[in-house]
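Undergrad: below: sequence and its predicted model.
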Amino acid sequence: MHPKYWPTWLGIGLTFIPSLLPYSWILQLGRWLGRISYRVANDRVHVARVNLEKCFPELTQQEREALLKKNFESVGIGIMEVTIAWWWSTDRLEKIVSYKGLENLESDDGAILMVMHFTTIELAGRLITQRHSVDATYREHGNPVFEYVQRRLRHRFDPGSQLLRRRDVRGMLRSLKSGRTVWYSPDQDYGTKNGLFVPFFGIPAATITSTSRLAKAGRAKVIPMTVTRLPNAKGYEVRLHPALESIPSGDDYEDALHVNQFVEQRIREHPEQYMWLHRRFKNRPEGEADFYRE
């Protein structure tokens, strides 16, 4: 409550205003925000453009640029969806979401909920907890107000959940062994200390091997989840995919490859909705140049 945090409280409070708008208006505001970002966020645009060049060489430059513009519109919508996740009532959300594959979580066994970094990721946490309690891994925020708000909101919508810091491996294993579901996102470049270079869109990419190791140590299954934004403001489809039965296989490389192949397949279904603005190929094998150096 220190006065230096009052502007933060004001900013959080102002996010309530767009949540009052009709859903189609919120989407349009997000598109405008994304178009502005495409014009001014030069560093992020460069990263996303390089990622698309590497992952979709079969497209023409004009086709990739059109995809890039759609992607930034999707990013802007994702930002506006935070207001939905924070402020919408359960009844209001239920009108624009459908669920498929929930039976894949109907088990007393622990489950690693493999969530990919699509632009719907902030809303995904809210949507799944309307059907199933999830222990979430997260990065602690440096601003104590944001930290307080994100914890309070999480427990508001999922009172039985635990918030686990992303490096709290023991906490994750405790949750898994007790039959809980743990949110986990392995599809970014987290370095090579706990990872291997594994093909992703045919390119060696630093990929963590923790997915299969957690599954083995926690005696848990790996269940991917995707949240797709439907066209024409029709809402969202939350899909719980069947468990990745081959994980853990005992071969970290093969398991990481299986994860990357699954992620790639889902991206190809809706490439404009993936978070291309992250440096997925940040770390390179020895001797390879930095992809993102202009």
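TA: Received the coordinates, thanks.
Undergrad: C-alpha from now on. contacts and neighbour counts both.
TA: OK.
Undergrad: okay, now Leu257: neighbour count?
TA: Around Leu257 there are 18 other residues, counting by other Cα atoms under 10 Å.
Undergrad: wait, doesn't it sit right on Phe197?
TA: No. In this structure Leu257 lies outside contact range of Phe197 using Cα atoms under 8 Å: 9.4 Å.
Undergrad: burial count for the closest residue to Tyr292 other than its chain neighbours?
TA: The shortest distance from Tyr292 to any residue other than its chain neighbours is 6.3 Å, reached at Val47 (Cα to Cα, 6 or more residues apart in numbering). Neighbourhood size, Val47 [other Cα under 10 Å]: 22.
Undergrad: please identify the helix or strand for Val47.
TA: helix 42-55 (DSSP states H and E).
Undergrad: make sure Ala206 is indeed in a strand.
TA: Yes. When DSSP: H, G, I helix; E, B strand; the rest coil is applied, Ala206 is found to be in a strand.
Undergrad: could I get the contacting residues of the closest residue to it other than its chain neighbours?
TA: Leaving aside its chain neighbours, Ala206 sits nearest to Phe197 (4.5 Å; criterion: Cα to Cα, 6+ apart). Applying Cα atoms under 8 Å, 6 or more residues apart in numbering, we find Phe197 in contact with 204-207, 285.
Undergrad: what about Arg280, helix or strand, and which?
TA: Here Arg280 is assigned to no helix or strand, by DSSP H and E.
Undergrad: ramachandran angles for it?
TA: Dihedral angles of Arg280 (phi, psi; degrees, to the nearest 10) stand at phi -70, psi -30.
Undergrad: just checking, it touches Pro186?
TA: No. Under the criterion of Cα under 8 Å, Arg280 is not in contact with Pro186, lying 11.2 Å apart.
Undergrad: before we move on, back to that, put the buried members of the contacts of Phe197 into a ChimeraX selection.
TA: Here is the ChimeraX command that selects the buried residues among the contacts of Phe197 (16 or more other Cα atoms under 10 Å):
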select :205,206,207
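Undergrad: so which of the contacts of Phe197 is the closest to Glu103?
TA: Closest approach between the contacts of Phe197 and Glu103, by Cα to Cα: Thr207, at 28.9 Å.
Undergrad: these two touch, right, that closest one and Val198?
TA: Yes. Between Thr207 and Val198 there is a contact under Cα under 8 Å: 6.2 Å.
Undergrad: any residues in contact with both of these two?
TA: With Cα under 8 Å, 6+ apart, Thr207 and Val198 have common neighbours Ala256.
Undergrad: can you pull the contacts of the spatially most central residue of the chain?
TA: Nearest residue to the geometric centre of the chain (Cα atoms, centre = their mean): His117, 2.9 Å. Applying Cα under 8 Å, 6+ apart to His117 gives the contacts 185, 187-188, 274-275.
Undergrad: all set, thanks.
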